[in-house]
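Visitor: Just to be clear, the model below is a prediction. Sequence and coordinates:
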Number of protein chains: 2
Amino acid sequence: MRKLLFSLPLLLLPLLAAAQTVTSPDGNIAVTFSLTDGGRPTYEMTYKGKAVVNPSHLGLVLAKDKHASKGLDETDLMDHFTVADVAQTSFDETWRPVWGETATIRNHYNEMAVTLKQGIEKPAYKGDGKAPGLALDLQERTILIRFRVYDDGMGLRYEFPQQRELNYFLIKEEMTEFAMAGDHTAWWLPGDYDTQEQETQQTRLSEIRGRLKTAVNWGNSSVAVFSETGVQTSLQMKSADGLYINIHEAACADYATMHLELVDEQTTALTTRLYGGSNQYTPAPTPSGYPLPKPYTFVSHLTPDATGLKGAMQTPCHTPWRTVMVSDDARDMLSSNLILNLNEPCALDDVSWIHPTKYCGVWWEMIVGKSQWSYTWDYPSVDLATIDYTKCKPNGRHGANNEKVKRYIDFAAKNGLDEVLVEGWNVGWEDWANMWKRDVFDFVTPYPDFDIKMLNEYAHSKGVKLLMHHETSSSTQNYERHIKEAYELMNKYGYDAVKTGYVGDMIPRGDHHYSQSMNNHYLYVIKEAAKHHIMVNSHEATRPTGLCRTYPNLVGGESARGTEYEAFGGSRPDHTCILPFTRLQGGPMDYTPGIFETQLYTWSDNKSWARITLAGSLALYLTMYSPLQMAADLPEHYERPDLAPAFQFIRDVACDWDDSRYLEAEPADYITVARKAKGTDNWFIGGKCDENGHKAVVKLDFLDKGRKYECTIYADAKDAHYEKNPKAYTITKRTVKRGDTLKLTEAPGGGFAVSLIAK
Amino acid sequence: MRKLLFSLPLLLLPLLAAAQTVTSPDGNIAVTFSLTDGGRPTYEMTYKGKAVVNPSHLGLVLAKDKHASKGLDETDLMDHFTVADVAQTSFDETWRPVWGETATIRNHYNEMAVTLKQGIEKPAYKGDGKAPGLALDLQERTILIRFRVYDDGMGLRYEFPQQRELNYFLIKEEMTEFAMAGDHTAWWLPGDYDTQEQETQQTRLSEIRGRLKTAVNWGNSSVAVFSETGVQTSLQMKSADGLYINIHEAACADYATMHLELVDEQTTALTTRLYGGSNQYTPAPTPSGYPLPKPYTFVSHLTPDATGLKGAMQTPCHTPWRTVMVSDDARDMLSSNLILNLNEPCALDDVSWIHPTKYCGVWWEMIVGKSQWSYTWDYPSVDLATIDYTKCKPNGRHGANNEKVKRYIDFAAKNGLDEVLVEGWNVGWEDWANMWKRDVFDFVTPYPDFDIKMLNEYAHSKGVKLLMHHETSSSTQNYERHIKEAYELMNKYGYDAVKTGYVGDMIPRGDHHYSQSMNNHYLYVIKEAAKHHIMVNSHEATRPTGLCRTYPNLVGGESARGTEYEAFGGSRPDHTCILPFTRLQGGPMDYTPGIFETQLYTWSDNKSWARITLAGSLALYLTMYSPLQMAADLPEHYERPDLAPAFQFIRDVACDWDDSRYLEAEPADYITVARKAKGTDNWFIGGKCDENGHKAVVKLDFLDKGRKYECTIYADAKDAHYEKNPKAYTITKRTVKRGDTLKLTEAPGGGFAVSLIAK
């Protein structure tokens, strides 16, 4: 760090030296900015007078680069700031999402933009190749910290205007603090640079370290846990006095994904780091000169690149928004549009080709182990450039074959499903994951038993589309090399959506799923897809931050523990009562619900079973909002006489909405929501609960006055239970009107689904 | 390293236990293979009975990967081998290069393929996900070491057949030894992962450490020197008893470039590593369990990736050839085709579009500093997505403008030059290098003052083509994203050749210019270019290894200190008497000769001067073989009355040949070569010497019997001198016939050029 030599003259208005406060439109939330401790930017946040974020520092530590002399700046953006300007404005606009939970979204906030100046001494560089140190200029750098305060929370971000004094810089760490006011209950995932597919942990903040230490081997997929108190966002919390608080980020584009490292009573330094490979914690010092924040402060921790750096920046630029949502009503966490509102408006001129989609697919049978993605077992490894699959001996277990796919197409056509996903259609699945293969797939060559032309024509003749699958095996370089031909192939055959996958270790080697360059990659894919009018459903990519507002062809994603884990040992019954509070804050999830035959051992060698009742599965089409909804189970299950009646709900339910009302909610306990189907007067209601069951009381006061509705209720049977009796359900019909009340009993691990068709 | 538990039963024929020798067709070279020290593969090499390579070990150390349990092998390929088979064969074939120094090339060698078995204990893995350690199988792995022995040297490589016991593996280091038989004189470059643009050092092997230590800051470009005794290849040496020995590699594709680390009297461990950024040597241990080789043994050192690993391999695969050329006549080092012969035959079906090319270009004036690549100085940094160059204030120094380019086209048309290179034609040059910018160029958008359509049409109307320039700024990801559109643009406007550039630090960050992934990138570019019928001239890429035989659209490259350094302080006069022994072994170099006005200060603010006489510059068109030859100086210099007569030679000289005869050669002293122009009976002769001058005696015994030739001699004037009187030259004409002798005096830093036109 270069020495900070001088402070700016104190010409500034006294007004600017004092703390500055901006409040939410309804006045409930107040965010106050001030400079403390030698010019360190600091903010705090209250809700109805209660502390949400105690005074917390803002700043960035920059890397000392060998090219600093060429204009790459190295003076940290941590302190020695003075306030040059504070501008407060208001904004109120209503916009229409291309798809969503409501027909319109109000974006209403008060904003405070704080302009900060920092005096620094740095070598003069004017592009003339002059060596560093020959001349030291006294210079002044400018950054902005922008706050937007909504009725349901706030966002803040750092902005770096273009200026010769701050031109290119490398981020060693962003040091944004979130000082919690108490030892809250939190629903958290362990900090990890490569996966968020763990089970959510529910502990007090003070218990995170203990839980994380005793469960370092997260088994399923954890690769690079960076700290003994590191957690991911979106992080949902609840305070002892009943505040719901959520920390996440919005509009993370070309910037590393943010994690949070908790300072607790035992923290001695920031940041410890643990890599899965060695299982060794390597303590790293706190950035020099700054005292540790108080417990329970979260400090941002960005995902590094292969060299350990967090970001390469060029002004003008800005960070993503760091968001804190707060309410004393849990339902507000779910109905909030804060993340979407903090993203930029739609960047696509033509969105006519983007559409909500219900689909089935050749997928679950492979997840369960009944069939395979691969085509042959002839080779210990595969070289796509030389192998001739037509000469291989088929393994007889290849799922994506013509006959099977036609069966799915027929099923989709018969049941009003829009598309059929087919995984394992393309060559390369014999040795696709974690072998450090660059050229693992070419994304254009089908296996011999998948007739891409015939199958697409067959599907189109029945009014159905095929849904493309591009597993990249995390060989992102390989995907980028093939992406144009791959999308041209899709255009040629009439695919309009692709499910991408990023299983395994990143290539280029040393990079991570959530680094700046990988986030750039995911967005590159979305933009290239948009050019080809292709919708994207991105699996194993980084967690979303609302970019689907700007690029609405990003219709779904995974980035969490999905239904597939029900075949890998199962997920806890409360899992789907947590995800809407956490993973879904940033955008819809392709959770792939609809497993009717939850007991996998009844039809396969898989010993696992889904921790959900059948009625609970139906509820997910409402409680897990997504414009992309799968009917994930096998057609033969949906057609079974005992299960077919329930499938009627999946046929009926919409996946795009004019209105949504969260009626009941408590994290990890229950969620009840009513939604009005797009362009209709019909409503659908879903309720999902945890392992304890739930009694829902649904007042139908949102229905049109004087109108009658045919109400069909899919409910857990009296003795239903997610383990002991998961498929016990009832269907009852009645006519209802506004003002009526539905009383519904959800079984342990269960739920309900209701359709209300306007007469 | 897993424990090696058992040795194979000794059923093998006694024959296989003994040393095996293969000799060159002429019997002068013998290479002997044996197993020593517990089954370590070992070879030695003699020439006419003299030791060239003393007994030297072969082997690879594998990385311990977290995915070892999934089939990634970790038992080192160093020892515990037994010989399973030795096969000796002969090969003799004559092939025709698409372009070259001779019309045909004879590929004549004796081969010895040694099949080795290694018994290992490893966890059973059969693709069933079984955890490691549950079962230990006794397994046997097979590798081959293949030797090819030519009259002028030998190549050896490791081959890894496809086998379940050796499927995927990560290379920690290749440990190929080259034990030199004495303290030879060597012409070397410091080991470096990112540049080979240093001045060659001439020392004894024992002096390398001292020279490298005292000159750690190699000034111009050195980034990552890895060892105090690390050197690059091709490494030319000369023994005290007059043997010329050269170590290099052939056919390096999708494998890291090899460096050599010398074990000398002071070596205590392999490998020390020094990065330019910290200037700190970090000693690393010798691979455990193996004693240090004796002085003066070179040990291979591969270029690492961002994680420090050297390669990710999938069987079947092989390493590049490790080559040792040897002769007691220095001329054999220059006429050798060993590197080309060890490469695969041409992989392109159609080569009709590939042609030798003489060109000029808008280039030298920018190198010298008289004009600029950039267009504006309005911005401290540039974002291509938002900047509007038509609204910028031009800096008035942009070289690639319509008027200037037309001037060059006119000049090329008038003088029979085929193409005109234009650098700085495309947007992004304002902040292009070393800023860690990914999106630095788009390769398709011209600056406002470069009318790409008009200029190409203008050139074509005069029978000239423009030569494309793609500086990547080492942002290889960005180049790969744009490469298809960039080549489509070239096709659209009629470009058929591109000069690529890789200045600055690699993006993805942490990678190096010579790593496996970057070598893969360069080849990817060549293959993509071939698809578009584009020739490639690749600057700052890794040093070539003869891949131009397989991909003859790779018509040139830089990968060494080129003429540009004459504007950056100059290169030593002997530089061009070394390069043909080193850099040119792997393929032609775009050295960009032809600087007539060597004293740059006479026409620019550049204080530098080229260390060469004008006649010496003409000689380079013969002594520095390349199918791509530039006339690098400004048209106005070539047209100056005092210089124009000499330019006639550049107009006349061919750049493709039916025959070449190296008449005189000594590394760093002098080179004289005669070449017969393709498809004609005309010959051209060039002689180039170092700072001491040279008296060449050229016997014209290669001319057609009974035929007369008009001979034009471009020679240094009597008082010519590369510093004091560089432009003093004479032109004399006479008629000559076979058997005549030309006696030519080369001035210090000078040379001569002769054209012999058959009457």
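Guide: Yep, that arrived.

Visitor: going forward, measure contacts and count neighbours with C-alpha atoms only.
Guide: Will do.

Visitor: for chain A, longest helix please?
Guide: Longest helix in chain A, counting residues (DSSP state H): helix A:476-493.

Visitor: chain center to the following helix or strand past that one, what's the gap?
Guide: Proceeding N to C from helix A:476-493, the next assigned helix or strand is strand A:497-501, under DSSP states H and E. Relative to its parent chain, strand A:497-501 has a centroid offset of 16 Å by C-alpha atoms, centre = their mean, to the nearest Å.

Visitor: thinking again about what came up before, pull the CA atoms of the longest helix of chain A into PDB?
Guide: Taking Å, rounded to 0.1, in the frame of the first residue of the first chain, the C-alpha atoms of helix A:476-493 are listed here in PDB:
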ATOM      1  CA  THR A 476     -15.900 -23.500 -20.400                       C
ATOM      2  CA  GLN A 477     -13.200 -22.900 -22.900                       C
ATOM      3  CA  ASN A 478     -14.500 -25.800 -24.900                       C
ATOM      4  CA  TYR A 479     -18.100 -24.600 -24.700                       C
ATOM      5  CA  GLU A 480     -17.200 -21.100 -25.900                       C
ATOM      6  CA  ARG A 481     -15.300 -22.700 -28.800                       C
ATOM      7  CA  HIS A 482     -18.400 -24.600 -29.900                       C
ATOM      8  CA  ILE A 483     -21.200 -22.300 -28.800                       C
ATOM      9  CA  LYS A 484     -21.900 -20.700 -32.200                       C
ATOM     10  CA  GLU A 485     -22.200 -24.000 -34.100                       C
ATOM     11  CA  ALA A 486     -24.200 -25.400 -31.200                       C
ATOM     12  CA  TYR A 487     -26.700 -22.600 -31.300                       C
ATOM     13  CA  GLU A 488     -26.900 -22.700 -35.100                       C
ATOM     14  CA  LEU A 489     -27.700 -26.400 -34.800                       C
ATOM     15  CA  MET A 490     -30.500 -25.500 -32.400                       C
ATOM     16  CA  ASN A 491     -31.900 -22.900 -34.800                       C
ATOM     17  CA  LYS A 492     -31.700 -25.300 -37.600                       C
ATOM     18  CA  TYR A 493     -33.700 -28.000 -35.900                       C
END
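
Visitor: So for that helix, what gets flagged as buried?
Guide: Using 16 or more other C-alpha atoms under 10 Å in any protein chain shown as the test for burial, helix A:476-493 gives A:476-484, A:486-487, A:489-490, A:493.

Visitor: now stretch A:399-408
Guide: Buried residues in stretch A:399-408, counted by 16+ other C-alpha under 10 Å: A:399-402, A:405-406, A:408.

Visitor: Counting by contacts, list what the longest helix of chain A packs against.
Guide: helix A:452-461, helix A:516-531, helix B:476-493 (3 or more C-alpha pairs under 8 Å, 6 or more residues apart in numbering or on different chains; DSSP states H and E).

Visitor: I'd like to know which elements the shortest one is packed against.
Guide: Of the remaining helices and strands, those touching helix A:452-461 by 3+ C-alpha pairs under 8 Å, 6+ apart are helix A:402-415, strand A:465-471, helix A:476-493.

Visitor: now with 7 Å?
Guide: Counting by 3 or more C-alpha pairs under 7 Å, 6 or more residues apart in numbering or on different chains; DSSP states H and E, the packing neighbours recorded for helix A:452-461 are strand A:465-471.

Visitor: which residues sit against the strand it packs on?
Guide: With contact meaning C-alpha atoms under 7 Å, 6 or more residues apart in numbering or on different chains, strand A:465-471 is reached by A:418-423, A:443, A:456, A:459, A:495, A:497-502.

Visitor: Around chain B, which positions in the stretch 451-600 of chain A sit nearby?
Guide: A:480-481, A:509-510 (C-alpha under 7 Å from any C-alpha of the partner chain).

Visitor: now those residues as a markdown table including pLDDT?
Guide: Supplementary listing: those in a markdown table, determined by pLDDT from 0 to 100:
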| residue | pLDDT |
| --- | --- |
| A:Glu480 | 98 |
| A:Arg481 | 98 |
| A:Arg509 | 90 |
| A:Gly510 | 88 |
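
Visitor: Now distance to B:Asp669 too, for these, in TSV please.
Guide: Below are those laid out as TSV (distance: C-alpha to C-alpha, whole Å):
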residue	distance to B:Asp669
A:Glu480	49
A:Arg481	47
A:Arg509	45
A:Gly510	46
